[in-house]
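1. just a sequence and a predicted model for now, questions to come.
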Amino acid sequence: MKKRVRTRIAPSPTGNLHLGTARSALFNYLFAKKNGGDFVLRIEDTDLERSTKEFEKNIIEGLLWLGITWDEGPNPKDPKKDLGDFGPYRQTQRDYLPHIKKLLEEKKAFWCYHSKEELEQEKKEQMEKGEAPRHLCSHFAQGKPAETKEKGIVRLKTPSQKIKFNDLIRGEIEFDTALLGDLSIARDEKNPLYNFAVVIDDVEMEISHIIRGEDHISNTPKQLLIYQALGLEAPKFAHLPLLLGPDKSKLSKRHGATSVDEFRQQGYLPEALLNFIAFLGWNPGDDRDFLFLSELEKEFSLEKVGKSGAVVNLEKLNNLNSHYLKQRDPEEIRTLAGINPKIPLKAISLARERAITLSDTAAQAAAIMEEPAYEKGLLIWKDNSSEKIIESLKTAKEVLGSLEEKDFVAEKIREVLTAKAEAMGDKGLLLWPLRVALSGRKQSPPPFDLAEIFGKEESLNRIEKAIEKL
């Protein structure tokens with residue numbers, strides 16, 4: 001019987017939702033949905049010193065903002081009631097004692113009481129010999145009784161063998177366990193360390209596929225040894241390429257924003273950031289750039305995930321955000337960007353055509369409505385005289401003044417001004433000074449749209465002021 005596909009993302013609430021974690025969550029989500037399976041959110045909160053509820057909240061809200069929902073895990077609507085039947089979904093709530101005791105009783109694990117100083121000395125000697133640092137408990141005399149009051153650690157007896165597994169992205173990978181030493185798996189019988197806890201969690205949650213970053217490849221043989229010692233079937237593994245900065249080094253804060261929250265605060269839309277994340281190490285195999293979540297669910301496959309590092313290219317993100325911004329309703333943009341209710345929707349609509357982010361849109365919409373301030377030289381078109389420009393502005397004022405209020409809309413304004421400009425034999429001579437008079441800027445939305453936003457009275461007033469300036 002084919003095993004049901006079950007994937008998971010297991011973030012540690014020791015920081016805000018990282019771009020890499022969001023990418024792993026998305027790929028796990030997409031793989032589960034593509035294969036009719038379940039996607040699980042598990043909180044790995046055993047780092048009691050650094051884990052906080054604030055970070056957990058940030059992770060949950062960030063995933064939901066992106067549109068990544070889970071079938072099982074913490075219930076965002078009711079923190080006291082988890083979703084799913086394979087909980088608990090927080091590591092601190094799970095009982096690992098039976099599994100640790102089982103390995104100790106079967107002599108597959110043992111208490112190691114070597115001091116920190118002894119371990120450091122062992123490591124130093126190994127490095128001096130050019131060997132891989134690892135703890136080989138058998139190298140030390142085993143004379144300390146189990147009832148000693150010294151603080152020990154539980155270690156797994158590591159057999160000397162070759163560990164092979166088929167990575168669904170990278171193919172066959174092999175490790176020599178002799179390079180690993182005796183693995184530390186628990187602080188004591190109740191408090192497991194990472195590699196042991198994650199194995200038990202995945203087993204009890206019946207996780208079928210583990211899709212995670214390539215920085216976890218070194219953990220895989222350790223976890224496979226634990227599966228082997230427990231006599232359990234291991235899931236399938238797939239390791240995603242690392243996220244890189246523009247300089248091809250591992251993505252870090254020195255490259256700029258690295259958390260989902262930072263991009264959100266900068267005014268990026270969730271659909272744009274989600275689309276961007278999806279293309280970090282994966283593509284649909286054609287020239288499409290814009291894919292919504294529903295489309296990604298149909299298109300995703302691990303076969304199309306690359307092996308080399310994925311560069312976080314902000315220019316690509318900006319292009320995506322600009323594209324999706326143009327598709328958003330102006331009223332919706334007003335709400336998302338916190339734009340002043342007094343600013344007309346037409347101004348917001350114009351601003352979004354030239355903006356990259358929500359904050360850009362807000363700034364440009366506000367700038368459109370500002371009283372223009374400019375040097376009179378900006379009004380001059382090519383090498384025309386001030387007198388010629390004054391004549392042009394008077395012509396524009398006359399044309400606009402002849403329109404009825406009901407006809408003072410961009411389409412009609414464009415029609416009459418363009419006809420007049422063509423009759424003058426130089427469109428720029430009429431339209432350039434008018435653009436500057438209305439906007440006060442070298443680059444601005446078309447003067448026809450600006451005139452509609454300002455209305456007849458204000459448009460004529462701004463033209464008159466430009467004439468007076470000259």
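-> Cool, the structure landed.

2. alpha carbons only: can I get the helix or strand of the chain with the lowest mean pLDDT in CSV?
-> For the chain, using mean pLDDT, DSSP states H and E, the weakest element among its helices and strands is helix 116-128, scoring a mean of 74. Below are the C-alpha coordinates for helix 116-128, written out as CSV (Å, rounded to 0.1, in the frame of the first residue of the first chain):
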residue,chain,number,x,y,z
LYS,A,116,34.3,19.4,28.4
GLU,A,117,38.1,19.6,28.9
GLU,A,118,38.5,16.0,27.8
LEU,A,119,36.4,16.5,24.8
GLU,A,120,38.3,19.6,23.8
GLN,A,121,41.6,17.8,24.2
GLU,A,122,40.4,14.9,22.0
LYS,A,123,39.3,17.4,19.3
LYS,A,124,42.7,19.2,19.5
GLU,A,125,44.6,15.9,19.0
GLN,A,126,42.4,14.9,16.1
MET,A,127,42.8,18.2,14.3
GLU,A,128,46.6,18.1,14.8
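
3. next SSE after that helix?
-> strand 153-156 (DSSP states H and E).

4. next, the buried residues of the helix or strand just after that next one.
-> Using DSSP H and E, the helix or strand that follows strand 153-156 in sequence is strand 162-167. Residues of strand 162-167 classed as buried by neighbour count (16 or more other C-beta atoms under 10 Å): I163, F165, D167. All C-beta atoms are positioned from the backbone trio N, CA, C, and that covers glycine.

5. which one of the residues you listed is nearest to A25?
-> D167 (19.4 Å; C-beta to C-beta).

6. surely A410 touches P447?
-> No - A410 sits out of contact with P447 when judged by C-beta atoms under 8 Å, with a separation of 9.4 Å.

7. show me the strands in this protein, by range?
-> 6-9, 38-41, 109-112, 153-156, 162-167, 171-176, 183-186, 209-213, 236-240, 243-244, 310-311 (DSSP state E).

8. need those strands in JSON lines (columns: mean pLDDT and distance to L230).
-> Shown next, in JSON lines, are those (pLDDT from 0 to 100; distance: least, C-beta to C-beta, whole Å):
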{"stretch": "strand 6-9", "mean pLDDT": "98", "distance to L230": "19"}
{"stretch": "strand 38-41", "mean pLDDT": "98", "distance to L230": "20"}
{"stretch": "strand 109-112", "mean pLDDT": "90", "distance to L230": "10"}
{"stretch": "strand 153-156", "mean pLDDT": "92", "distance to L230": "10"}
{"stretch": "strand 162-167", "mean pLDDT": "95", "distance to L230": "15"}
{"stretch": "strand 171-176", "mean pLDDT": "95", "distance to L230": "19"}
{"stretch": "strand 183-186", "mean pLDDT": "92", "distance to L230": "11"}
{"stretch": "strand 209-213", "mean pLDDT": "97", "distance to L230": "16"}
{"stretch": "strand 236-240", "mean pLDDT": "98", "distance to L230": "17"}
{"stretch": "strand 243-244", "mean pLDDT": "93", "distance to L230": "33"}
{"stretch": "strand 310-311", "mean pLDDT": "93", "distance to L230": "34"}
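
9. the more surrounded of A410 and P447?
-> The neighbour comparison of A410 against P447 (other C-beta atoms under 10 Å) goes to P447, with 25 against 18.

10. just checking, that one touches L434?
-> Yes - between P447 and L434 a contact is recorded at 4.7 Å, counting by C-beta under 8 Å.

11. which residues are in contact with each of these two?
-> Common contact partners of P447 and L434 (C-beta atoms under 8 Å, 6 or more residues apart in numbering): L417.

12. D289 - how many residues pack around it?
-> 14.

13. can you tell me how far it sits from F279?
-> D289 is 8 Å from F279, where distance means C-beta to C-beta, to the nearest Å.

14. show me the contacts for the closest residue to D47 other than its chain neighbours.
-> In this structure, D47 finds its nearest non-sequential neighbour in T14, 5.6 Å apart by C-beta to C-beta, 6 or more residues apart in numbering. T14 makes contact with D47, R50, S51, T52, F55, according to C-beta under 8 Å, 6+ apart.

15. what sits against the fourth one?
-> If you count contacts by C-beta under 8 Å, 6+ apart, T52 has them with P13, T14.

16. buried sites along stretch 255-267?
-> Here stretch 255-267 shows H255, A257, T258, S259, V260, D261, F263, R264, Q266, G267 as buried, counting by 16+ other C-beta under 10 Å.

17. so what touches it?
-> So stretch 255-267 is in contact with 15-19, 22, 58, 62, 65-66, 245-247, 251-252, 270, 273, 312, 314, 317, 337, 356-362, going by C-beta under 8 Å, 6+ apart.

18. what distance separates the start and the end of it?
-> Terminal residues of stretch 255-267 lie 18 Å apart, using C-alpha to C-alpha, to the nearest Å.

19. which residues of this protein score low on pLDDT?
-> 1, 126, 128, 131, 138-150 (pLDDT under 70).

20. how far away is the residue of the chain most remote from its centre from Y29?
-> Distance from the C-alpha centroid of the chain, by C-alpha atoms, centre = their mean, peaks at E387 (55.8 Å). Distance, E387 to Y29, using C-beta to C-beta: 67 Å.

21. now R264
-> 19 Å.

22. now E299
-> 13 Å.

23. same question, R462
-> Distance from R462 to Y29, by C-beta to C-beta: 52 Å.

24. and the two? which has more neighbours close in?
-> For R462 versus Y29, neighbours defined as other C-beta under 10 Å are more numerous around Y29 (27 against 22).

25. wait, doesn't that one sit right on T7?
-> Yes - using C-beta under 8 Å, Y29 makes contact with T7 at a distance of 7.4 Å.

26. mind listing the shared neighbours of these two?
-> Joint contacts of Y29 and T7 (C-beta under 8 Å, 6+ apart) are F39.

27. about what we covered before: now the contacts of T14 in TSV, with distance to K394?
-> TSV is the format used below for the contacts of T14 (distance: C-beta to C-beta, whole Å):
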residue	distance to K394
D47	73
R50	70
S51	71
T52	67
F55	64
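
28. list only buried entries from those residues.
-> S51, F55.

29. just give me the closest of the contacts of T14 to E117.
-> Nearest to E117 among these: D47, at 25.0 Å, using C-beta to C-beta.
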